[in-house]
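Engineer: I need the structure of the sequence given here:
(chains A, B, C, D, E and F)
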Protein chains: 6
Amino acid sequence: MTTIQVINPNTSRAMTAAIDRTAREAAGPGSTVLAVTSTMGPASIESHYDGHVIACFGDPGLAAAREIAVGPVVGIAEAAMHLAVFLGRSFSVVTSLPRTIGHTRDLVRGYGFGAACAGVHACDIPVLDLDSPSARASIAKACVAARDADGCDVVVLGCAGMTDLAAALAGELGIPVVDGVAAAVKTVESLVALGLRTSKRDEYATPAGKPVTGPLASFTLHRD
Amino acid sequence: MTTIQVINPNTSRAMTAAIDRTAREAAGPGSTVLAVTSTMGPASIESHYDGHVIACFGDPGLAAAREIAVGPVVGIAEAAMHLAVFLGRSFSVVTSLPRTIGHTRDLVRGYGFGAACAGVHACDIPVLDLDSPSARASIAKACVAARDADGCDVVVLGCAGMTDLAAALAGELGIPVVDGVAAAVKTVESLVALGLRTSKRDEYATPAGKPVTGPLASFTLHRD
Amino acid sequence: MTTIQVINPNTSRAMTAAIDRTAREAAGPGSTVLAVTSTMGPASIESHYDGHVIACFGDPGLAAAREIAVGPVVGIAEAAMHLAVFLGRSFSVVTSLPRTIGHTRDLVRGYGFGAACAGVHACDIPVLDLDSPSARASIAKACVAARDADGCDVVVLGCAGMTDLAAALAGELGIPVVDGVAAAVKTVESLVALGLRTSKRDEYATPAGKPVTGPLASFTLHRD
Amino acid sequence: MTTIQVINPNTSRAMTAAIDRTAREAAGPGSTVLAVTSTMGPASIESHYDGHVIACFGDPGLAAAREIAVGPVVGIAEAAMHLAVFLGRSFSVVTSLPRTIGHTRDLVRGYGFGAACAGVHACDIPVLDLDSPSARASIAKACVAARDADGCDVVVLGCAGMTDLAAALAGELGIPVVDGVAAAVKTVESLVALGLRTSKRDEYATPAGKPVTGPLASFTLHRD
Amino acid sequence: MTTIQVINPNTSRAMTAAIDRTAREAAGPGSTVLAVTSTMGPASIESHYDGHVIACFGDPGLAAAREIAVGPVVGIAEAAMHLAVFLGRSFSVVTSLPRTIGHTRDLVRGYGFGAACAGVHACDIPVLDLDSPSARASIAKACVAARDADGCDVVVLGCAGMTDLAAALAGELGIPVVDGVAAAVKTVESLVALGLRTSKRDEYATPAGKPVTGPLASFTLHRD
Amino acid sequence: MTTIQVINPNTSRAMTAAIDRTAREAAGPGSTVLAVTSTMGPASIESHYDGHVIACFGDPGLAAAREIAVGPVVGIAEAAMHLAVFLGRSFSVVTSLPRTIGHTRDLVRGYGFGAACAGVHACDIPVLDLDSPSARASIAKACVAARDADGCDVVVLGCAGMTDLAAALAGELGIPVVDGVAAAVKTVESLVALGLRTSKRDEYATPAGKPVTGPLASFTLHRD
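Structural biologist: Numbers count the residues shown, from 1 in each chain, chains lettered A, B, ... in the order given. This next block holds a predicted model:
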C-alpha cells in the first residue's frame, strides 16, 4: 500500500477538501491519500509517507522538502506541465490572479518548458474565491480565450483551487485539460512503484542538524 | 483493465522479451502489457489498446504515432527524462554507441532538458550485443564514469536493451537509475487513469486518408 | 561536372516535375540535376552522385541519408533558412497545412534560428493541391499576412510544392522570398565545389552492415 | 558575370594576397573576384559589385555594410559556420589570439550556433604572424587539440589569415575543415545566382543622407 | 540621507557584524546603513527605509519582499552578478557548500547570466564556519581553482559570509572579485538616487490584507 | 573625487548638452562629470578619468573601449537594462527609429535579458529630431503603447536623446522609466567606489602597439 501525503500550503479547509477529493479519485487502488493543510515543523514531511505532493501551483518549498523527505516530493505545477507535453506540442496555463503570471513563467522556464508553453493567462479571481458561483464561468472563459488566442493543444489549470474542474472543462474545450493535483498523485505513485526516490547526492542530501530559534523553533532539525 | 502496447521497433526477439519483462514488472495490477516487435502498417497502432510505448531510446516515429493512435503514445527517452528530473537537479544519459550521442542531445534539447542534462555518454556496445557477458560490466563502468565526471544526481539508461539493469545499477552507483521502458509504462498508465489522450488539435489530428504505394502500401490510411 | 540528385519524398509526378524545373534553373553551368521520386532501398542514395537534396520541407531522413551517402546531403528547410538569415535579421515561414507548424517550429529551433524566425504560418492548403488555381492566391495572401503581422525581413516558402512561386511572390511582397529547392541546390554546389563532404566521425559514419527483413528488406546494408 | 568584392579590413598586403588566392580558387567559372584592403568612405561598398565579402572572422561592420550595399554582404565567420553545420552535428573554431575567443563566442551565439559549437580555441599567434614558418605547425596543433578535446565533427578556421590552410589541414585531421573566405565567396555566388539581395525593410534600408565631419568626412552619405 | 536596511536572513551575530562592516564601507557619504538579522513579521521591511538588501547569496524571499516594501529591494546574488558583467565577459562563482551549487546555477540562469557564467564552485565550508582560521585559505584556493579552470575574467563571492575578503582576494588573483553585499548597497543607492522604486504593476503590487494563523500570525497584513 | 567622462558618439551639440545635464543630476556629490562629443584617437579614452560612459543606446565601441581604458566603461543600453530588472520582472524598450529595433533586440539577447524584455518599440523619430516640439508627444505615445501592449513593469528609454524625459514620463505612465545616461553614471560611480575595474585578462587586456594608417592614423597605439 502506497501512502501519499498531499499538502495544501494554505489554511483553507474547503480547498483542502477539494484537493482531497481529486487526489483520491486520481489515486490507484493500491494507494492511500491523505490531504493535509500545512503545519509547522519538518515533522510533517519527515514521517512515514511513501511520497508527498505539494498542492500549490507555485511549487513552494519544493527544494527544501526534497532535502528533508525520504520519499519523492512532487509539485503540482511541475507534474501538470510534465504530463501536458505528452499530450500535445504546446500548452497554456490558466492561473488565478494576474500577479501570479510572472512566477508561473519563471517555473515554466525553470522546468524547461519555455518552448512548449504557448501562454500564461489569469482568470483574475483570488485563490480563495475560486469556488464561488461566478468563478466557474470566469475560469471557463479564460480557458476558452487561452485556447483560441494561443492555439495551444492542451490547457493546464494553474491553481489547486481549480482541481475539480478539469474533466468538465476538457469537455467544453475539446482539448485535454490537466489538473496538477491529479497529475502529481499519479507521478508520486509511478516513482514509488518503480522504487525511485530523491537522489541524496549534494543538494538534496539530508541537511545537518541546525538549531532554529524564534517562532519557527519547531523546525529545528535533530540529527544523530 | 488498461491494455498497453509496448513496441520494440527492431526485430530482436531477445530484446523484445527483456522489454516485456520490465514492462510487466512496472505495470500496475490493473494493467495488461503486450510487448510486440514492430510490424508493417498502421494497423499495429490503430487498434484496441488504451495506450502505447515506443521502446527505442531515439523515440522514433513518436509524432506519427500520435497522429494515428487514439490512446496516448509515450517514448522511452522522453519518459525516462521526465521522471529523472523529479529525482534530482541533473541527470546523465548512458547510451549504447557513440554515434547515438548527437541524436540523444537533440532529444534532450527538444524536450527542454538542456539545463538538466549533465552529460551524454556511450558505453560503446552495439544495441544487439548489450546482453553479452562483457556488456554488463562496460555499462556499469560507463555509468560510474558519468556519475563521477558529471556530478549528476541521476543516471538515465539510454537504450531499451539495458532495461533490466536499472535496479542493480542503482545499488552500485548509490544514486537513482531510470529505465525508460518502466518509466513509459507508468506514464501511459497515469495518462489513461486520468482520462488524458493526445490532443487532436492541428498537428496530431487524425490525418486524412492517403494512398501509399510500393512496399509500404499496407500503410495506406482509409478514412470515411 | 557536378551531378546532384534531388529527391522528392512523395510520389506526386507533378510535384517532382516542378521541383526539377526549379532545381535546374538554380543549378550553375557546371551542374547536372536529376530530380527523382523517392524509391525503396538505400541504393537510391549510395550511388554516383556528388551530392543530394531532400526536397521536402520537413527535412525527413536527413540524418539517415548523411550516414549512408558519400557526398553532402542538404534538406530544403535547412537550406532555405540558412540563406534567409544572410538577407535580413528575421524571416517568417509560410507552410501548407496548420498541422505542419509544430514540426516546422521544431526544425527552426533545432537549426538554431529560434531568434531569427519571426513566425510560422499556414496557407491551409494540402501539399498536393498547391498547384490548383485557387492555391496560388491563398499562398500569396498568407505571405502578405506573414509579412505584415511579423514585420519580417524575408519570407521562406515552407513546402517544395511552392517551389516555382518564389520570384513572383518576391515581386508582390517587396521583400526577398526564399525557396528551399533552389537554396539547397546552390548549397550542395557550394559544398561540392569546396571539396566538403559530411564528416564521417561518429554519428554520420557509414553504418555497419545490418540485415533488414519484411517489406523493407531491400534496405539491408551490405558491408565488406 | 558575377563580380564579388572581398574586403580585407586590415592593411596587410600579404594577407590580402592570400585572401585573393583562396577567393579566386573558390569562385565559380562565372565569377570575378576582386580582393581589396579596406579603404575609407562608403564609396568602397556602394559601387558596381554584385556582392561583397567581409574577410575578417569578427565580421566587423556587417550590419552597416548591409545598409549601404545594394548586393548581398556576407561575413566570413557567418559563412563558415553556416556551411559547417551541413557537414556534421558540431564544429569547433580555431582562432588566432586568446583575446578573440570571447567575441567569437558572441558571434556563435548571435548566429544561433550555440548548440552546434563544441568549442573555441586559440593557437595564440597574432593575425599578422600567421604566415610565419612556425605558425603553420601551431595552427595544426591547435586544430588537433580541438578535434580531440571537443569531439567535434568539423573544424572552422577562425581567421582570414589561415585561408590557404584548409585543404591541407583537412587531410591531416581526417574531418572537414572550413575556411570562411571560400565559404563566403560561394555564399555570395549562391545569393546572386538566385537573385537574392539584402531585404531593404527597416534595419537594412538605405540610410538617409547624413553629414560626417572630421577625419571620416568622406563617409558622408549623399542622397537625393 | 538614504537609509538602507541590510537583512541577514540567518541569526549569526558574527556574520551580521561582518555584513554591517562591508555595507558601511561600501555606502556613500549620503547613506546610512543598518544591518539587521531577520526578524519575524513583515513589519521589518514595511517601515521607513529607503531601500533594502537581502544579504544571503540565495536571494531568498526577494519577490515577497518586493511586494511588501515601498523602496527598492536588492539581493546580493543578483547585485554581484550584475556588476560582474560590466567588468569582463565571464565570471565564476565560489560558494560555500556543494549543496548550494544547484540553486546558484538556477539563479544564474534565472537572472539571464547563463552565457556569462563560466562556472560555479564550492569551497566546501559551511556558511557559519567561513570565518574560521582555515576557511580563509580554502576560499582562496577555490578562487584560484575557479580562475584557472574556467578562464573567467571575474570571480563572484557566493556567500555573505565571505563579504570582507573581496579586496584581498582580488589582489591575490589578479582579476576583479565582486562581493554581493557591497554590490547590493551601491545598487540600492543608485536606485534611490535616481528615484527608482519597484514597479507596483501586477506581481509586485502591495498584496491585499490576508490573515495568517499559527506561529507566523505576526505576518498578517492589515490593509485599509 | 570621481571624474567620469560621458561620451556622446555623435556630433550634435544640443544632444551633448542634454546628456551633460542628466549626467550631472545623476552624479553623486563626490563625482565630477564631463560630457564630450566623440573625438578622433584613443587619447580621448586613455587619459585621467576614473570611468567612462558611452552615451549611445547601441553601446557602440564598448569592447574596444574596455580594451583601451584603465577605468570601467559602461554603455547606456546595458546600464539601463541592468537597473530595470531590479524594478520589475519585465521591461520594454522605446527607441527612436524602427531600423534600430533589430540591433536593440541583439543587445537585449546578448546581455541576457531575452526573457525579461517584453518588447522593443520605435517612436519613429530620428535621433536628432527627438527634441522637436512634436517629438515629446510621440515618445509619450509610444511609451503608453508599449506599457499597454506588453504588460511590462518598466519602460527603458532607448536613445540618449530622450535622456531628460524619464521623470516626466514615469509620472504619466505610473510605472518606472529608466534613462540609460543616468543609469550608466550611477553604475560607473558604484564600480569606482568599490575599486572595481575592467578585468585585464585576455580579451580586454591592453592591446599591443599597432600602427594605424590613413585618416585614422591618430588611433595608432604606442606601447613601450
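Engineer: alpha carbons only for contacts and neighbour counts from here, please
Structural biologist: Fine.
Engineer: biggest helix in chain A, by residue count?
Structural biologist: Looking across chain A with DSSP state H, the single longest helix is helix A:135-150.
Engineer: Toward the C-terminus, what is the element adjacent to that helix?
Structural biologist: The element immediately downstream of helix A:135-150 (helix or strand, assigned by DSSP states H and E) is strand A:154-157.
Engineer: Distance from the chain centre to that following strand, please.
Structural biologist: Its chain's C-alpha centre and that of strand A:154-157 lie 13 Å apart, by C-alpha atoms, centre = their mean, to the nearest Å.
Engineer: what does that strand rub up against?
Structural biologist: A:80-81, A:84, A:87-88, A:90-95, A:143, A:146-147, A:163, A:166, A:175-180, B:199 (C-alpha atoms under 8 Å, 6 or more residues apart in numbering or on different chains).
Engineer: From these, which land in helices?
Structural biologist: Within the contacts of strand A:154-157, membership in helices is found for A:80, A:81, A:84, A:143, A:146, A:147, A:166, A:180, as judged by DSSP H.
Engineer: quick check, the longest helix of chain A touching chain B?
Structural biologist: No - contact check for helix A:135-150 against chain B, using C-alpha under 8 Å from any C-alpha of the partner chain: none in range, with a minimum separation of 10.4 Å.
Engineer: What's the mean pLDDT across that helix?
Structural biologist: The predicted model gives helix A:135-150 an average pLDDT of 96.
Engineer: which other helices and strands contact it?
Structural biologist: Using 3 or more C-alpha pairs under 8 Å, 6 or more residues apart in numbering or on different chains; DSSP states H and E as the contact test, the elements touching helix A:135-150 are strand A:91-95, strand A:117-122, strand A:154-157, helix A:166-173.
Engineer: just for chain A, where's the confidence low?
Structural biologist: Residues of chain A that meet the criterion pLDDT under 70 lie in A:39-47, A:219, A:221-224.
Engineer: before we move on, the earlier item: redo the ones in helices among the contacts of strand A:154-157 as CSV? Include neighbour count.
Structural biologist: Shown next, in CSV, are these (neighbours: other C-alpha atoms under 10 Å in any protein chain shown):
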residue, neighbour count
A:80, 25
A:81, 30
A:84, 31
A:143, 28
A:146, 23
A:147, 22
A:166, 20
A:180, 35
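Engineer: would you put the C-alpha positions of the longest helix of chain A in PDB?
Structural biologist: Only the C-alpha atoms of helix A:135-150 are listed here, as PDB (Å, rounded to 0.1, in the frame of the first residue of the first chain):
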ATOM      1  CA  ALA A 135     -15.800  31.900 -10.600                       C
ATOM      2  CA  ARG A 136     -16.600  28.700 -12.500                       C
ATOM      3  CA  ALA A 137     -17.800  30.700 -15.500                       C
ATOM      4  CA  SER A 138     -14.800  33.100 -15.400                       C
ATOM      5  CA  ILE A 139     -12.300  30.200 -15.400                       C
ATOM      6  CA  ALA A 140     -14.100  28.500 -18.400                       C
ATOM      7  CA  LYS A 141     -14.000  31.900 -20.200                       C
ATOM      8  CA  ALA A 142     -10.300  32.300 -19.500                       C
ATOM      9  CA  CYS A 143      -9.600  28.700 -20.800                       C
ATOM     10  CA  VAL A 144     -11.500  29.400 -24.000                       C
ATOM     11  CA  ALA A 145      -9.600  32.600 -24.500                       C
ATOM     12  CA  ALA A 146      -6.300  30.800 -23.900                       C
ATOM     13  CA  ARG A 147      -7.200  28.100 -26.400                       C
ATOM     14  CA  ASP A 148      -8.200  30.500 -29.100                       C
ATOM     15  CA  ALA A 149      -5.500  33.100 -28.600                       C
ATOM     16  CA  ASP A 150      -2.600  30.700 -28.200                       C
END
